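Participant: need a structure here:
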Amino acid sequence: MNSVKIEENYAVNNSFLRERIAHGKRPGTREFIALSEGVEAGLLIFEYFPSSSLGFVYEIYVLEEFRGLGIGNLLLSQAENAALESACKVLHLTARSLDQKFIKDENLKSWYGRKGFIRNPSDSSEMLKSLTGEFKGSG
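Facilitator: Numbering: from 1, shown residues only. Now for the predicted structure:
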């Protein structure tokens, strides 16, 4: 498994992932596709805000047939690497499942918690991870 940065939306073959990119792309975002044996398996949409040293994960999505294979872990690791390369101090995301039949929001929050994210005290759907080790907490 690996991930590749998307340079152009049309470079993505899977129509559902292409649609997710079109929906989530903004001027400053970077998009990555996870590949499993050369087949598109998942998507990461990431943005960095230099003025606040904040990285934001807009979306991590794994196609149904690739779930349970570690693709989500790969994409989250890619997000953390992109954040570190951008000198981010904090990685931020909103933990909302795009497929409630597969994973409920609370289970998704627990998954992120196991990956070092904590809930934002001012908004329980938002989660934060310090990339500098400056804050600690529990998910």
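
Participant: I figured residue 93 hits residue 126, correct?
Facilitator: Yes. Counting by CB atoms under 8 Å, residue 93 does reach residue 126; the two are 7.3 Å apart. In this view, the C-beta of every residue, glycine as well, is placed from N, C-alpha and C.

Participant: With neighbour numbers in mind, choose between those two.
Facilitator: For residue 93 versus residue 126, neighbours defined as other CB atoms under 10 Å are more numerous around residue 93 (23 against 17).

Participant: got a pLDDT number for the more buried one?
Facilitator: Per-residue confidence (pLDDT) for residue 93: 96.

Participant: list the contacts for it?
Facilitator: Each residue near residue 93 by CB atoms under 8 Å, 6 or more residues apart in numbering is listed here: 56-58, 60, 112, 117, 126-127.

Participant: neighbours around residue 41, how many?
Facilitator: Residue 41 has 26 nearby residues by other CB under 10 Å.
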